[in-house]
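J.: fold the following.
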Amino acid sequence: DAVTFPGRDGMAQFAVSGDAVRVFTAQQRVTNLAKAARAAGDERTLAQLRADIATDLLIRGVVPGDEHLGAAPAGKLHVIVNLASILPDQDEAADVAEVPGHGFLSPDQVRQVAIKAGRRGRGW
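T.: Numbers count the residues shown, from 1 in each chain. Okay, here's the model as predicted:
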């Protein structure tokens, strides 16, 4: 789902829901880009940067006019996993892998990420 909520004073909120792996990876990419912009001297808050960067990426596919972000590298998802979570007979209802600061993934999601060819170090 993608839902828009109109606000006051010319503002609105856009919320996206979907597969946790994809949503967490998108959030991490936007956060990393916001941190890079702050480190390069942008004075906006991280929250302001995340909102502006996410909107620019959705509207234009790039962050226009921001030489600090370069080609806006792909998102990467860091997951803390125990070995049992990638084995095929794991209970599908259990949350067995954590994406620090965001939430948990199901065993099936963890297996999909773990076995996806070419994923190591390339982002989702």
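J.: list the buried ones in the worst-scoring helix or strand of the chain on mean pLDDT?
T.: Ranked by mean pLDDT, DSSP states H and E, the weakest helix or strand in the chain is helix 107-115, scoring a mean of 73. For helix 107-115, burial by neighbour count (16 or more other C-beta atoms under 10 Å) applies to Pro107, Gln109, Val110, Arg111, Val113. Where you see a C-beta, it was placed from the backbone N, CA and C, and this is true even at glycine.
J.: and that helix, what does it pack onto?
T.: Contacts defined by 3 or more C-beta pairs under 8 Å, 6 or more residues apart in numbering; DSSP states H and E place helix 107-115 against helix 20-39, strand 97-99.
J.: worst mean pLDDT among these?
T.: Mean pLDDT is lowest for strand 97-99 among these, at a mean of 77.
J.: contacts for that one?
T.: With C-beta atoms under 8 Å, 6 or more residues apart in numbering as the test, strand 97-99 has contacts from 20, 24, 77-82, 85, 104-105, 107, 109-110.
J.: partner strands of that strand, parallel or antiparallel?
T.: strand 80-81 (antiparallel), strand 103-105 (antiparallel) (DSSP bridges).
J.: redo the ones you listed as JSON lines? Include mean pLDDT, distance to Gly7 and mean neighbour count.
T.: JSON lines is the format used below for the strands paired with strand 97-99 (pLDDT from 0 to 100; distance: least, C-beta to C-beta, whole Å; neighbours: other C-beta atoms under 10 Å):
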{"stretch": "strand 80-81", "mean pLDDT": "80", "distance to Gly7": "36", "mean neighbour count": "14"}
{"stretch": "strand 103-105", "mean pLDDT": "78", "distance to Gly7": "26", "mean neighbour count": "18"}
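J.: any idea which of the ones you listed gets closest to Arg44?
T.: Set against Arg44 and scored by C-beta to C-beta, these come closest in strand 103-105, at 26.3 Å.
J.: and the chain, what are its domain boundaries?
T.: Domain segmentation of the chain under the TED database yields 2-60, 80-119.
J.: what about Ala34, neighbour count?
T.: Applying other C-beta atoms under 10 Å, we find 23 residues neighbouring Ala34.
J.: just checking, it touches Leu57?
T.: No. The criterion here is C-beta atoms under 8 Å, and Ala34 misses it with Leu57 at 11.4 Å.
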